[in-house]
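Undergrad: Sequence first, predicted coordinates after that:
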Amino acid sequence: MQSTNPKQLRAELKDYLDLAAKEPIRIQRRAGDSFILLKEVAYEEMQQEILSLQRRLLGMSEVISEQTKEYKIGDRTRLNRLAKKK
């Protein structure tokens with residue numbers, strides 16, 4: 001990951017945007033604050049991965065706390081929520 005400061009980023013914005021298409025760029029202020037510049041697609045992929053991991057964690061916590069429900073073969077009651085309402 002490349003690093004830069006805000007002054008250099010402003011001076012070479014186009015070059016940094018082209019580079020950010022390939023890899024994230026760390027922008028660090030003198031005060032110590034850091035920011036990451038990355039492609040929007042990469043950000044969206046990270047958001048989707050976080051959502052997926054949260055769902056898995058929720059499912060695992062339900063299994064651990066025994067809040068899951070066992071369905072018997074042929075039991076179609078779990079499909080009731082998908083039926084069209086008349």
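TA: Perfect, thanks for sending it.
Undergrad: from here on, contacts and neighbour counts on C-alpha atoms
TA: Fine.
Undergrad: Show me where this structure has its helices.
TA: Taking DSSP state H, the helices of the chain run over residues 6-11, 13-20, 40-64.
Undergrad: What mean pLDDT does stretch 37-55 get?
TA: For stretch 37-55, the mean pLDDT works out to 94.
Undergrad: swap in stretch 4-14?
TA: For stretch 4-14, mean pLDDT is 95.
Undergrad: And the helices of the chain: which comes nearest K72?
TA: Nearest to K72, of all those, is helix 40-64, at 17.3 Å by CA to CA.
Undergrad: what's the distance between that closest one and the middle of its chain?
TA: 7 Å (CA atoms, centre = their mean, to the nearest Å).
Undergrad: Next one, pLDDT for K85 please.
TA: So K85 comes in at 64 (pLDDT).
Undergrad: Tell me the spacing between L38 and I27.
TA: In this view, L38 and I27 are 11 Å apart by CA to CA, to the nearest Å.
Undergrad: Can you say which of the helices of the chain is packed in most?
TA: Of all those, helix 13-20 carries the top mean neighbour count, a mean of 15, counting by mean count of other CA atoms under 10 Å.
Undergrad: elements contacting that one?
TA: Packing contacts for helix 13-20, counted by 3 or more CA pairs under 8 Å, 6 or more residues apart in numbering; DSSP states H and E, involve no helix or strand.
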